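Build the 3D model from these lines:
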Amino acid sequence: MALLNPYVSFDGNCKEAMNFYKDALGGDLVINLVNSMPEMAAQMPDNLKDHVLHSVLTNGGLVLMGTDMCRDDRIEGTTVHLNVNCENDEEVDDIFNKLSAGGKVVESPKDMPWGGRFAAFDDKFGKHWMLNFQKR
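Numbering: from 1, shown residues only. All right, here's what the predicted structure looks like:
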């Protein structure tokens, strides 16, 4: 089956956000700026040439993509959450502590009735996250 990978948009702070996610989640990060691709840079206004055209963070099965190139009429959504299926309780706590720093906690890590350890928060970039480790 094909894989579904989240692709998140930022308003000029994609590089900062993706480095923050790399510090929290680990893995390999590739960032392509507009000015690193002459054909694209020639089509962009000067104020966008240092912005991220495309980035990808990979760590095993985790693939998170990001860009600063988004439509002007977009509205920061509240309907999409980035969910990380963790491998144990400690991973939930560790990722929560790192990614929620400077953000807004919705649900601190705790054991839930469905048999999982769960946490939910908005990170400091306004992205919505859920962490879950399914114990049984």
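
separation between Asp11 and Asp93?
Asp11 sits 30 Å away from Asp93, going by C-beta to C-beta, to the nearest Å. (C-beta placed from N, C-alpha, C; glycine too.)

Which elements pack onto the helix or strand hosting Val56?
Using DSSP states H and E, Val56 sits in strand 52-59. When contacts are defined as 3 or more C-beta pairs under 8 Å, 6 or more residues apart in numbering; DSSP states H and E, strand 52-59 packs onto helix 14-25, strand 28-33, strand 62-67.

Now the phi/psi pair for the residue lying farthest from the centre of the chain, please.
Residue farthest from the centre of the chain, counting by C-alpha atoms, centre = their mean, is Ala42 at 28.5 Å. When read as degrees, to the nearest 10, the backbone of Ala42 gives phi -70, psi -20.

tell me the contacts of it?
Taking C-beta atoms under 8 Å, 6 or more residues apart in numbering, we find Ala42 in contact with no residue.

what about the nearest residue to Val106 once chain neighbours are set aside, which helix or strand?
Closest residue to Val106 apart from its sequence neighbours, by C-beta to C-beta, 6 or more residues apart in numbering: Ala120 at 4.1 Å. Here Ala120, judged by DSSP H and E, is contained in strand 116-122.

Show me what that strand is in contact with.
The contact list for strand 116-122 (C-beta under 8 Å, 6+ apart) reads 81, 86, 89, 92, 96, 99-100, 103-112, 128-135.

go with 7 Å
89, 92, 96, 100, 103-112, 128-135 (C-beta atoms under 7 Å, 6 or more residues apart in numbering).

and the nearest residue to Leu3 once chain neighbours are set aside, how many neighbours does it have?
In space, and not counting its chain neighbours, Leu3 is closest to Val63: 7.1 Å by C-beta to C-beta, 6+ apart. Counted with other C-beta atoms under 10 Å, the neighbours of Val63 add up to 15.

Phe20 too?
18.
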